[in-house]
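Colleague: I would like to see how this sequence folds:
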Amino acid sequence: MYRVQTESGEALAEVSGKMRHNALRREDYPAVGDWVVITVREDEQRATIHAVLPRKSKFSRKVAGQVTEEQIVATNVDTVFLVTALNLDFNVRRIERYLVLAWESGANPVIVLSKADLCDDPEAKAAEVEAVAVGVPIHIISSAENRGLADLAAYVSAGQTVALLGSSGVGKSTLVNRIYGEEILETGDIRSGDDKGKHTTTHRELIALPGGGILIDTPGMRELQLWDASEGLSTSFQDIEELGASCFFQDCKHENEPKCAVKQALTDGTLAHERFQNYLKLQKELAFLARKEDKGLQAAEKAKWKKIHQAAKKQHNR
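Modeller: I've put the predicted structure just below:
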């Protein structure tokens with residue numbers, strides 16, 4: 001079941017039989033933020049979804065667990081707030097991972113460093129983030145102290161859609177409440193032992209703001225596995241890719257080859273070892289995923305033709 005917003009109010013909806021029959025993968029079904037073609041039964045407050053209109057942006061990850069399948073987190077998003085708390089859970093490598101998917105989505109990433117009241121030197125942490133997110137806007141905020149919130153409201157003007165992404169406990173629901181101006185979402189505390197959060201948002205939710213903008217709040221995602229993000233990887237790690245282009249050998253693996261610009265940058269300290277290791281890790285993850293997805297697509301295609309042949313056989317037997 002889906003909840004859809006129509007000109008006559010909210011309605012519960014389900015996809016039509018034809019749409020379900022033609023759908024091959026999860027991405028063929030509606031996701032939060034989609035515009036859909038529907039027929040509405042106003043007297044029942046129910047609707048049938050017949051089609052999903054083309055998406056201008058799509059933030060996806062691999063579904064959690066062993067299954068190789070895409071999970072669309074949000075669509076038609078203009079800006080992605082990558083929310084990270086300035087407490088013990090602060091993690092630059094996780095921000096790099098989020099940035100890869102944000103760039104791949106087609107939306108503009110904005111990094112929001114929350115809970116500044118829990119950090120002795122927020123500017124130092126912001127400088128760490130700036131080193132791996134060149135050109136990406138970075139905002140330091142504190143919902144408790146009402147710091148920096150006015151700057152974020154400008155991204156959610158009329159006609160603009162913003163999705164909030166980040167781990168549990170970083171303050172996404174509190175931020176939504178502050179931008180909205182009312183306590184519309186439940187918020188939770190963080191665990192005292194490790195500063196990690198508890199889930200308060202259990203599903204993705206689209207919130208229409210009084211000023212005409214839209215916020216999409218998402219559950220905390222500690223396991224954020226990549227999905228089809230080669231371009232996003234290149235954009236996020238443009239510094240490493242540019243160094244790689246300067247290597248003597250075009251197919252340089254940056255291991256034992258002579259005249260390697262990447263190895264030289266690692267030696268002289270202009271490229272951090274941790275950043276390079278994370279780049280290699282994400283690269284391997286994408287390559288492994290691509291191999292598994294090829295097998296999955298072959299299986300899906302086989303299942304599709306089996307379904308077509310079975311339908312044709314039934315028709316012939318009639």
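Colleague: Please make it C-alpha for all contacts and neighbour counts, starting now.
Modeller: Fine.
Colleague: Surely Ile38 and Arg46 touch.
Modeller: No: contact criterion C-alpha atoms under 8 Å: Ile38 and Arg46 do not qualify, at 10.1 Å.
Colleague: Verify the contact between Asn108 and Val80 for me.
Modeller: Yes: between Asn108 and Val80 there is a contact at 6.0 Å, judged by C-alpha under 8 Å.
Colleague: quick one: which of these two has more around it?
Modeller: More crowded of Asn108 and Val80, by other C-alpha atoms under 10 Å: Val80, with 28 against 18.
Colleague: Quickly find the element holding the residue most central in space within the chain.
Modeller: By C-alpha atoms, centre = their mean, the mean C-alpha position of the chain lies nearest to Phe59, the distance being 4.3 Å. Secondary structure from DSSP states H and E places Phe59 in strand 58-62.
Colleague: pLDDT on that strand, on average?
Modeller: On average, the pLDDT along strand 58-62 is 75.
Colleague: what does stretch 206-220 give?
Modeller: 82.
Colleague: buried ones in that stretch?
Modeller: Using 16 or more other C-alpha atoms under 10 Å as the test for burial, stretch 206-220 gives Leu206, Ile207, Leu209, Gly213, Ile214, Leu215, Ile216, Asp217, Thr218, Pro219, Gly220.
Colleague: what does stretch 83-91 give?
Modeller: For stretch 83-91, by 16+ other C-alpha under 10 Å, it's Val83, Thr84, Ala85, Leu86, Asn87, Phe90.
Colleague: Ok, stretch 146-161 next?
Modeller: Buried positions in stretch 146-161, judged by neighbour count with 16+ other C-alpha under 10 Å: Arg147, Gly148, Leu149, Leu152, Tyr155, Val156, Ser157, Gln160, Thr161.
Colleague: outside of that stretch, which residues touch it?
Modeller: 76-79, 139-143, 162, 178-179, 211-216 (C-alpha atoms under 8 Å, 6 or more residues apart in numbering).
Colleague: before we move on, back to that, the residue nearest to the centre of the chain: what's it in contact with?
Modeller: Phe59 touches Ile72, Val73, Ala74, Thr75, Leu101, Ala102, Glu104, Ser105, Gly106, counting by C-alpha under 8 Å, 6+ apart.
Colleague: Would you format those as JSON lines with secondary structure, distance to Gln264 and neighbour count included?
Modeller: Converted to JSON lines, those look like this (DSSP: H, G, I helix; E, B strand; the rest coil; distance: C-alpha to C-alpha, whole Å; neighbours: other C-alpha atoms under 10 Å):
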{"residue": "Ile72", "secondary structure": "strand", "distance to Gln264": "39", "neighbour count": "19"}
{"residue": "Val73", "secondary structure": "strand", "distance to Gln264": "39", "neighbour count": "21"}
{"residue": "Ala74", "secondary structure": "strand", "distance to Gln264": "40", "neighbour count": "27"}
{"residue": "Thr75", "secondary structure": "strand", "distance to Gln264": "41", "neighbour count": "25"}
{"residue": "Leu101", "secondary structure": "helix", "distance to Gln264": "28", "neighbour count": "27"}
{"residue": "Ala102", "secondary structure": "helix", "distance to Gln264": "30", "neighbour count": "27"}
{"residue": "Glu104", "secondary structure": "helix", "distance to Gln264": "29", "neighbour count": "23"}
{"residue": "Ser105", "secondary structure": "helix", "distance to Gln264": "33", "neighbour count": "26"}
{"residue": "Gly106", "secondary structure": "coil", "distance to Gln264": "33", "neighbour count": "20"}
